[in-house]
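>>> okay, structure incoming, though there's no sequence with it:
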């Protein structure tokens with residue numbers, strides 16, 4: 001049997017039946033430190049992890065409904081696609097959880113229709 005102390009490091013145990021847990025505390029602290037009241041939050045965590053997020057974040061998490069910047073918090077597999085109207089501008093990986101900073105995609109205005117010169121100008 002391999003000595004578990006030889007395969008583990010402080011804070012990262014590796015022993016039989018160990019279940020890795022996402023570092024939601026660090027992710028919540030990052031969002032608290034870098035968000036403003038004008039930001040929004042998209043939470044893609046499980047229900048249990050969302051309760052943990054609420055515990056560590058308190059009332060400091062962004063809540064605006066039409067924000068200029070959105071913080072996405074999700075497990076690594078669910079963090080890849082950004083909502084259609086947003087693009088990922090920064091990504092921060094924590095153990096088992098990802099925090100992504102999203103900004104609205106620049107909107108491209110359609111070109112106005114071409115004008116055809118009139119053969120009868122207005123007088």
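Alright, I've got the coordinates. Computed from a prediction, not measured in an experiment: that's the story for all the values here.

>>> so where do the helices sit in this structure?
Secondary structure of the chain (DSSP state H): helices at 4-7, 24-34, 47-57.

>>> okay, the ones you listed in CSV with mean neighbour count and distance to residue 40 next?
Quick note: C-beta positions are derived from backbone N, CA and C, even for glycine. As requested, the helices of the chain are exported to CSV (neighbours: other CB atoms under 10 Å; distance: least, CB to CB, whole Å):
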stretch, mean neighbour count, distance to residue 40
helix 4-7, 10, 42
helix 24-34, 18, 11
helix 47-57, 14, 14
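
>>> select, out of the ones you listed, the one closest to residue 16.
With CB to CB as the criterion, residue 16 lies closest to helix 4-7 of the helices of the chain, at 8.4 Å.

>>> returning to that earlier point: out of the helices of the chain, the one nearest residue 76 is which?
Nearest to residue 76 among the helices of the chain is helix 24-34; the distance by CB to CB comes to 11.6 Å.

>>> gap between that closest one and the chain center?
The chain centre lies 11 Å from the centre of helix 24-34; the measure is CA atoms, centre = their mean, to the nearest Å.

>>> how about residues contacting it?
41, 45, 49, 52-53, 56-57, 60-62, 71, 73, 92, 94-95, 97-99, 101 (CB atoms under 8 Å, 6 or more residues apart in numbering).

>>> could you redo the last one with a cut-off of 10 Å?
Under the contact criterion CB atoms under 10 Å, 6 or more residues apart in numbering, helix 24-34 has outside partners 23, 39, 41, 45, 49-58, 60-62, 69, 71-74, 90, 92-99, 101.

>>> helix or strand with the lowest mean pLDDT in the protein?
Ranked by mean pLDDT, DSSP states H and E, the helix or strand of the chain with the weakest confidence is helix 4-7, at a mean of 57.

>>> residue ranges with poor pLDDT in this structure?
Applying pLDDT under 70 to the chain flags the ranges 1-15, 79-80, 109-123.

>>> so where do the strands sit in it?
Using DSSP state E, the strands of the chain run over 40-43, 70-74, 86-94, 97-104.
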